[in-house]
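# whatever this is, show me its structure:
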Amino acid sequence: MNLCVLGLLSSSTYNLIGTTMYETNSDKSIIGAKQTGSFFKEGELKVCTSGVCQKLEGAAGYYLNSYTNNEDERKKLISCTNGSCELNDPKNGYYINKDSTNSKTAILCDATLDGVSCKETVLATSCTNNANKLVYDNNFKYCDGNNVKSIPGDSSTVNLYEVSDVKESGINYPIDFIQSSSGNKMVIQVNQYSVTQYINDDLFCINGDVKKNECVNGDTGIKCDGYYVNESNKLQMCAVDNAENKINCNDVTKIGYFKNDRAKTYIKCITDGSQTQTIKCEELEQLGSTCSSVGDLIKDESDNVKLCVESNNGNAITIFTNEDSKKYFIKASGLNSSITDEQKKHYIVNVAENEVLTETADSEYKKYKYIKSTGTPAILVKGEQKVLLQKMLIQKIRFY
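Down below sits the predicted model:
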């Protein structure tokens with residue numbers, strides 16, 4: 001029996017007539033009607049359920065291309081945004097769509113001898129023994145090691161995660177990619193509807209979990225040039241080696257405040273004041289707008305970063321500017337955990353574009369009647385002065 005319709009059949013083996021998806025052979029003879037499946041037709045996703053095939057309104061995410069005799073099309077996924085669809089070549093990883101939560105499954109794509117093969121798979125329900133994979137626990141989650149991370153809820157957010165000790169070559173994420181103690185790293189990209197290995201020939205950076213598109217320089221996707229805090233709370237300075245196309249990072253022993261202009265982060269490093277001087281650094285997650293204690297960083301209405309020298313916002317020092325370096329006296333308690341706010345001890349700090357560093361006092365500062373105490377960098381102790389002289393002194397040194 002042949003299929004009779006008005007007009008021409010498409011060259012595809014599958015043809016939608018009304019709400020029925022007919023399968024035909026090369027001479028247009030009917031083989032049968034498809035009962036279930038997802039089909040890409042004329043830029044739309046057609047879904048067949050119990051023999052009834054209709055456009056899936058508002059389709060979003062990725063869908064298996066159920067039936068086609070076209071070898072190239074069969075390896076592609078149907079990618080949809082608000083009902084508008086196209087065929088995409090999949091990478092190794094996981095793919096979901098807006099309706100995947102109903103089935104708690106994902107499309108798993110991995111490398112085979114003839115390319116990337118995709119199939120539907122049921123996901124695990126916890127991150128235990130599932131590091132760096134997609135799981136389903138009341139919703140889709142990514143396992144950053146054993147840390148559970150939510151999947152972004154919008155298409156504009158892309159999160160990147162570093163994975164250590166992976167194979168040098170032949171990575172087949174998420175089936176075969178770990179090689180213990182290799183020292184190699186890879187990056188996993190997690191967005192609203194996919195979890196895949198991130199591959200980019202250009203250098204880029206990650207700040208937290210988020211890729212910074214404005215960051216041109218970086219290594220395998222971990223850092224840009226600039227200041228960072230490592231896992232041991234130590235300050236590192238990273239610089240791009242363009243010849244080797246990589247980043248070199250070195251530990252830095254400094255007390256003060258640091259700005260990573262590319263990653264848009266701020267760092268504070270303080271000392272414990274001991275003879276061996278242990279320095280601990282932290283990345284400041286969010287800058288407030290009010291000075292609560294000496295040493296805080298805040299932002300004003302114009303988004304300028306300021307250093308709090310007391311609880312009065314009006315006296316906060318503007319830092320991280322591209323103007324000529326300026327020097328200030330600030331209470332040592334803001335950068336030295338062994339000093340209390342009541343003690344009359346101060347640091348000299350030099351304000352520059354990307355750092356605010358403590359300085360060692362020398363003869364230049366003797367005219368200000370400050371006494372150098374032991375320690376490196378020097379803590380300055382106010383000398384005995386008359387009140388009037390002290391007021392004049394403050395006016396002098398505030399804009400030194």
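
# for the chain, which helix or strand comes out least confident on mean pLDDT?
Here the helix or strand of the chain ranked lowest by mean pLDDT, DSSP states H and E is helix 387-398, holding a mean of 37.

# tell me if I'm right that residue 236 and residue 225 touch.
No - using Cβ atoms under 8 Å, residue 236 is not in contact with residue 225, being 11.0 Å away. Where C-beta positions appear, they are placed from N, C-alpha and C, glycine not excepted.

# so those two - more neighbours on which side?
Legend: neighbour count by other Cβ atoms under 10 Å for residue 236 and residue 225, higher for residue 225 (24 against 17).

# the more buried one contacts residue 238, doesn't it?
Yes - the pair residue 225 / residue 238 is scored as a contact, 5.5 Å apart, by Cβ under 8 Å.

# got the contact list for residue 255?
Applying Cβ atoms under 8 Å, 6 or more residues apart in numbering, one finds that residue 255 lies in contact with 269-271, 279, 335-336, 347, 357-358, 377.

# what does stretch 299-311 rub up against?
Contacts to stretch 299-311, defined as Cβ under 8 Å, 6+ apart, come from residues 257, 259, 266, 287-289, 291-298, 313, 315-321, 328, 330-331, 334, 349, 356.

# ok, of these, which come out buried?
Buried residues within the contacts of stretch 299-311, counting neighbours by 16 or more other Cβ atoms under 10 Å: 257, 259, 266, 291, 294-298, 316-317, 319-320, 328, 330-331, 334, 349, 356.

# hmm, back to that, distance to residue 136 and secondary structure added to the contacts of residue 255, as JSON lines?
As requested, those are exported to JSON lines (distance: Cβ to Cβ, whole Å; DSSP: H, G, I helix; E, B strand; the rest coil):
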{"residue": "269", "distance to residue 136": "42", "secondary structure": "strand"}
{"residue": "270", "distance to residue 136": "43", "secondary structure": "strand"}
{"residue": "271", "distance to residue 136": "47", "secondary structure": "strand"}
{"residue": "279", "distance to residue 136": "43", "secondary structure": "strand"}
{"residue": "335", "distance to residue 136": "47", "secondary structure": "coil"}
{"residue": "336", "distance to residue 136": "49", "secondary structure": "strand"}
{"residue": "347", "distance to residue 136": "53", "secondary structure": "strand"}
{"residue": "357", "distance to residue 136": "49", "secondary structure": "strand"}
{"residue": "358", "distance to residue 136": "51", "secondary structure": "strand"}
{"residue": "377", "distance to residue 136": "53", "secondary structure": "coil"}
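
# PyMOL command for the buried members of those?
Buried residues within the contacts of residue 255, by 16+ other Cβ under 10 Å, are selected in PyMOL with:
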select buried, resi 269+270+271+279+335+336+347+357+358+377
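
# which one of the contacts of residue 255 sits closest to residue 93?
Proximity to residue 93 was ranked across those by Cβ to Cβ; first place goes to residue 269, at 38.4 Å.

# excluding chain neighbours, what is closest to the closest one?
residue 281 (4.1 Å; Cβ to Cβ, 6 or more residues apart in numbering).

# only alpha carbons, please: show the strand or helix carrying residue 120 as PDB.
Following DSSP states H and E, one finds residue 120 within strand 115-122. Presented in PDB, the C-alpha positions along strand 115-122 are these (Å, rounded to 0.1, in the frame of the first residue of the first chain):
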ATOM      1  CA  GLY A 115      31.600   9.500  17.300                       C
ATOM      2  CA  VAL A 116      29.400  10.700  20.200                       C
ATOM      3  CA  SER A 117      26.500   8.400  21.100                       C
ATOM      4  CA  CYS A 118      23.500   9.700  23.100                       C
ATOM      5  CA  LYS A 119      20.900   7.800  25.100                       C
ATOM      6  CA  GLU A 120      18.400   8.400  27.900                       C
ATOM      7  CA  THR A 121      19.700   7.400  31.400                       C
ATOM      8  CA  VAL A 122      18.300   7.300  34.900                       C
END
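
# wait, residue 357 sits on residue 347?
No - if you go by Cβ under 8 Å, residue 357 and residue 347 don't touch, sitting 9.5 Å apart.
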